[in-house]
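A.B. asks: What follows is a predicted structure for the sequence shown.
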Amino acid sequence: MEMSWIVPLFVGISLLGAFLVSLLGRKIKLLPDILGNLTVLALLCLSVLAVYVVADKGVVVYNVGNWRIPLGITLVLDGLTSFMLVTVNLVAFFIALYAVNYMKKFTSKDKFYTLFLLMLAGMNGVIITGDIFNLFVFLEIASVASYALVAFGTERHELEAAFKYAVMSTVGSLFILLGIVFLYSYTSTLNMADMASILADKGASNLVLMVSALFLMGFGLKAALVPFHAWLPDAHSSAPAPISAMLSGVLIKSLGVYTLCRLFYNVIGISSSLSSILMVLGTLSMVIGVFLAIGQWDLKRLLAYHSISQIGYVILGIGLGTPLGIAGGLFHLFNHSVFKSLLFLNSGAVEYATGTRDLKRMGGLAQKMPVTSATALTASMSIAGIPPFSGFWSKLIIIIAAVQANRYGYALWAVIASILTLASFMKVMKYAFFGQLKEKWSQVKEVPLCMKISMSMLALICLGGGLLFLPAVKEVFLDKAVRVLLEGTRYSQVILGG
Amino acid sequence: MSFIERFFKFDYLSNFIAAFVAFFSIITIIYSIGFMRGKKRQFAYYAYIIFTLFASLGVVFANHLIVFIIFWGLLGLLLYLLIGFGEKENTSATAKKTFIIIGGTDAVMLLGIALIWRISGTFAMDKLSIILNNKLAVYAYLCLAIGALAKAGAMPFHTWIPDTAEDAPTPVTAFLPASLDKLLGIYFLARISLYIFKMDAAMNTFLMVVGSFTIVAAVMMALIQHDLKRLLGYHAVSQVGYMVLGIGTGNPIGIAGGLFHMLNHAIYKSCLFFSGGAVEKEAKTTDLDKLGGFAKIMPITFISFLVASFAISGIPPFNGFASKWMIYQGIIETAKSGGYLWIVWLVAAMFGSALTLASFMKLIHAVFLGQPSQSREGKKPKIRETSIFIRIPTIILASLCIIFGVFAYQIPLKMFIIPSLGSKVQFLGVWNSSLATLLIVVGILIGAAIYLLGKVIKTRETKVFIGGEDLAKYPQMRVSGGDFYNTIQEIGFLKIIYKLAQKKIFDIYNVGSKITFGFNRILRFLHNGVLSTYLSWCLLGMGIIFYILLK
């Protein structure tokens, strides 16, 4: 099969980048920046290429070491994979660019880029692998790298947050592992496609239901669904801004949402009770997250709680299980990656310029930091669902999908959460950027160039995000991903047949 | 071409609204040239104004609900940005509040649009004709009506208007909350009530309740205000009540009256804000207790303000009377369908009108008549009208108040309102405005002649005698007008209501934020930062999932 060579590159390039940075980074001063950015750029180009490959050739399967399917590790590139790869690598690219300036205040950039690329390797690995144990390994690679990155500042609260995060995340991982063990003992295979076909043959059983519960808890914890969310506000607010952006923007999605989708839709097979549980968890996260967010005065903590809330929207949309709902959920996933990363980068810019994250101490920064405040406004409008920004479209689709599926209550909660989201971002804009400039910030300067470029580009994507729903783009990018989930457990035939 | 045909539609109603949207935009731009001179970020200001114009045109011509909501939502954002140009202390808080109310109701409209799609499977507005015979349709109508009412500023979504009026720059207040948002909000209310949904009696009664309540409650609040722009802001709320009431009558004359009142209101309220802004620019304050005696300093502004005040109070022959008269007729028309509720609506409308007049008497006394305040005492009053860019729009609007009143049937009704309704409007009572005007003018002329004759012969001007005391030492001796109706706050049950209103019990924004922060406090109490608590939630959650899946 042609073009299948690009599949392993997503892991390979990022691992190679991490290796080279750690090996040479300390000797050559500019190397970590250049190498880190080039690696991510290469990954981004490959992801875009992957979209075309999928559009052109359909599903691409790569067998590592040429072992036949149930025996060796399989890497799979399909619509959902390419969609996730673009999301992850796009956001990662802008974050890496931003880090060039931002990470200067920390001493060891080489360690940062090494861990960053390692985390990226883990995420890309989770997304492209077709083997459930391999998925677990990549998940752990990404998680462990992220524990280290949360603690990167090595201050007291950062270490505490990292510790909490590590403990809770490990508990989640263990339940996932337990689930995998049960599934392995039941089906005698680790290949997800093979497993799906065996599960379909064997029919329903309590063991599968138990595994579903374990996975819901484990991956739900990675995705920070309520009530498994408590680690997130600490971890995401303590990390350096680019890492917060990475964690909130893509890590919880690739490790949590993507895996939930893949396993429940394509391997275990979604049932009505599972989809109701997903919708309930999604709605709970959506509402509780936003209620918690609105009272926060620490900017990054506020944003972190909003991640919980927005993931709720994604899970609600996907849980609906209708084509429109899944499309809305995935679309929101993409949009959320962009605007939430941007918001964290904005918060980083404010912290970079003023040294504080406390909203009460800011004020009037729009006058001194026009780029930051304009991009923050764009991202806020986007997350609040104000037309014509990107978040509006995905929320609209999710609400319409919920109404279409006769789930009026969920639609109503989605609207309420949206109003509260708007309210809390109005709070951010008022206290941080608008109003009177405080005396002590009269010397504040706008952030350096790379940070500005990165934020402006992300803001442009927020502004033009609605264009992704144009029929021509949607067909290639979003519909393919939706179709993978709609196919359900026929996934196995696609992979095994190809 | 097909693209435009698919998403946009041009009919009488939208053409008429669009024409006035454009008119008010131009007037506002002219006024801003005078008013905003020397302020910061001028380029952005004018850019936002022009964006607002385009977004409004988009709202008016949209024939696709999604296209409509995009422009509609964009207007909210632009309003937020425009309020930000104010330089008061509370401006950013007001901008925040406004956008939360406007943006929040927009989100509710999204739900309404989703429901409409569920019911009828289309977003094309001209293909919709939904009968309110099931719950879904009623909810859909209510969701959309909430958006329209919030934009127009009817109760209980009105609280952003007085705040905005106080804290936003005057041209912005005159442009958005006073004219454009009214035009668009009432336009959309008319659109959904006349075309998209087939109204029934219950829904009409609902609108009439909202309308009557808004008229009376807002004007009661206006009576006790101490700030020129805030007082005008409450009137901007009160007048919406008439429009909603008119549309709620459900008969052609009432609806025509509602739409006509919308147009008239936009004219006289902009005029009032524009002249108020001129006073503000001259006096550097809008506090009624610090104003006074401006009739001699700014005669042209005074006359336009006076004309607009008469118009808003519904004094014939000004335009406000013409439209109120039609609304009254509409209300009486509803009596035909039985019931006695129409008396309540009529009383509310007339009572509101009387109180409006009362509060404008206070305003005119406090700002233009009365004695100048301390700080101005001693300065010889000389005519100091502000720049010509401020005067011209004011004069144009004031003359429109007269023209649309005197020639109500010949110009606005015949040209704009009646064609846009498409049905014939039957007038109950004939009010020949031109003849009446003639009589009034003759009456005024005779009165003036008598007055002048008497004055020439007998009177002389002298200082006010206050028992030999020096007025400057006793500022409390000055009757500023700001406290005219303070006693109303002492009357029985009104006292309680005013007290509660001062605590912002009726402010949906405050109530909402109290509830939200209540929930927030409970949830934060649960997040105590202890790892073992968090882990136990996880296990508990998993236990519940286990139970649900395996039971």
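C.D. replies: Structure's in. What do you need? Residues are numbered from 1 along each chain as shown, chains lettered A, B, ... in the order given.
A.B. asks: Report pLDDT for residue 42.
C.D. replies: Using chain A. pLDDT, A:Ala42: 93.
A.B. asks: Let me rephrase: I mean chain B.
C.D. replies: At B:Gln42, the pLDDT value in this model is 82.
A.B. asks: That one: neighbour count?
C.D. replies: Neighbour count of B:Gln42, defined by other C-beta atoms under 10 Å in any protein chain shown: 14. All C-beta atoms are positioned from the backbone trio N, CA, C, and that covers glycine.
A.B. asks: Next one: the nearest residue to it once chain neighbours are set aside from chain A, what distance?
C.D. replies: Closest residue to B:Gln42 apart from its sequence neighbours, by C-beta to C-beta, 6 or more residues apart in numbering or on different chains: B:Met36 at 6.3 Å. For B:Met36, the distance to chain A (C-beta to the nearest C-beta, to the nearest Å) stands at 18 Å.
A.B. asks: Please list all residues in contact with B:Met36.
C.D. replies: By C-beta atoms under 8 Å, 6 or more residues apart in numbering or on different chains, the residues touching B:Met36 are B:42, B:45, B:85, B:169, B:171.
A.B. asks: So the third one: helix, strand or coil?
C.D. replies: Spelled out, it's B:Phe85. Under DSSP: H, G, I helix; E, B strand; the rest coil, B:Phe85 falls in the coil class.
A.B. asks: What about it? Give its phi and psi, please.
C.D. replies: phi -80, psi -10 (degrees, to the nearest 10).
A.B. asks: for chain A, what spans make up the strands?
C.D. replies: A:60-63, A:74-77 (DSSP state E).
A.B. asks: Can you list the helices and strands that the first one packs against?
C.D. replies: For strand A:60-63, the helices and strands in contact under the criterion 3 or more C-beta pairs under 8 Å, 6 or more residues apart in numbering or on different chains; DSSP states H and E are helix A:6-24, strand A:74-77.
A.B. asks: same thing with the last one?
C.D. replies: Secondary structure elements in contact with strand A:74-77, counted by 3+ C-beta pairs under 8 Å, 6+ apart, are helix A:6-24, helix A:31-57, strand A:60-63, helix A:109-128.
A.B. asks: Kindly report the residues of the stretch 101-250 of chain A close to chain B.
C.D. replies: A:164, A:167-168, A:171-172, A:175, A:206, A:209-210, A:212-214, A:216-217, A:220-221, A:227-228, A:230-231, A:233-234 (C-beta under 8 Å from any C-beta of the partner chain).
A.B. asks: Filter the residues you listed down to just the buried residues.
C.D. replies: Among these, those classed as buried by 16 or more other C-beta atoms under 10 Å in any protein chain shown are A:164, A:167-168, A:171-172, A:175, A:209-210, A:212-214, A:216-217, A:220-221, A:227-228, A:230-231, A:233-234.
A.B. asks: tell me the contacts of the spatially closest residue to A:Glu160 that is not a sequence neighbour?
C.D. replies: Nearest residue to A:Glu160, sequence neighbours excluded (C-beta to C-beta, 6+ apart): A:Asp234, at 7.4 Å. A:Asp234 makes contact with A:160-161, A:164-165, B:529 under the criterion C-beta under 8 Å, 6+ apart.
A.B. asks: re the thing from before, angles on the backbone of the residue nearest to B:Gln42, please.
C.D. replies: With angles defined as degrees, to the nearest 10, B:Met36 sits at phi -90, psi 10.
A.B. asks: And for B:Asp227?
C.D. replies: Backbone phi and psi, for B:Asp227 under degrees, to the nearest 10, turn out to be phi -120, psi 130.
A.B. asks: Number of residues surrounding it?
C.D. replies: Neighbourhood size, B:Asp227 [other C-beta under 10 Å]: 17.
A.B. asks: Same check on A:Gln443?
C.D. replies: By the criterion of other C-beta under 10 Å, A:Gln443 has 9 neighbours.
A.B. asks: distance of it from chain B?
C.D. replies: Here the criterion is C-beta to the nearest C-beta. By it, A:Gln443 lies 20 Å from chain B.
A.B. asks: Where does pLDDT dip in the chain?
C.D. replies: No chain specified, so I'll use chain A. Along chain A, segments meeting pLDDT under 70 span A:1-2, A:498.
A.B. asks: hm, I was asking about chain B
C.D. replies: B:1, B:371-385, B:422-437, B:455-484, B:486-489, B:492.
A.B. asks: Domains in it, by residue range?
C.D. replies: Following automatic domain parsing, one finds the domains of chain B at B:2-429, B:508-550.
A.B. asks: Quick check: which of those domains has the most neighbours on average?
C.D. replies: Highest mean neighbour count of those: domain B:2-429, a mean of 21 (counted as mean count of other C-beta atoms under 10 Å in any protein chain shown).
A.B. asks: Show the contacting residues for residue 259.
C.D. replies: In the absence of a named chain, this looks at chain A. Shown in contact with A:Thr259 (C-beta under 8 Å, 6+ apart): A:126, A:135, A:139, A:219, A:222.
A.B. asks: Chain B is the one I meant
C.D. replies: B:186, B:190, B:243, B:246-247, B:417, B:420-421.
A.B. asks: one more time with 10 Å
C.D. replies: B:13, B:16-17, B:183, B:186-187, B:189-190, B:194, B:243, B:246-247, B:323, B:326, B:412-413, B:416-418, B:420-421 (C-beta atoms under 10 Å, 6 or more residues apart in numbering or on different chains).
A.B. asks: Would you indicate which residues of stretch A:182-198 are buried?
C.D. replies: A:183, A:186-187, A:189-198.
A.B. asks: nearest residue to residue 230 other than its sequence neighbours?
C.D. replies: Since no chain was named, I'll use chain A. Among residues not flanking A:Ala230 along the chain, B:Tyr534 sits closest, at 3.6 Å (C-beta to C-beta, 6+ apart).
A.B. asks: should've been chain B
C.D. replies: Excluding its sequence neighbours, the residue lying closest to B:Arg230 (C-beta to C-beta, 6+ apart) is B:Glu166, at 4.4 Å.
A.B. asks: Would you map the strands across the stretch 101-250 of chain B?
C.D. replies: Counting by DSSP state E, counting those that start in this stretch, the stretch 101-250 of chain B has strands at residues B:130-131, B:197-198.
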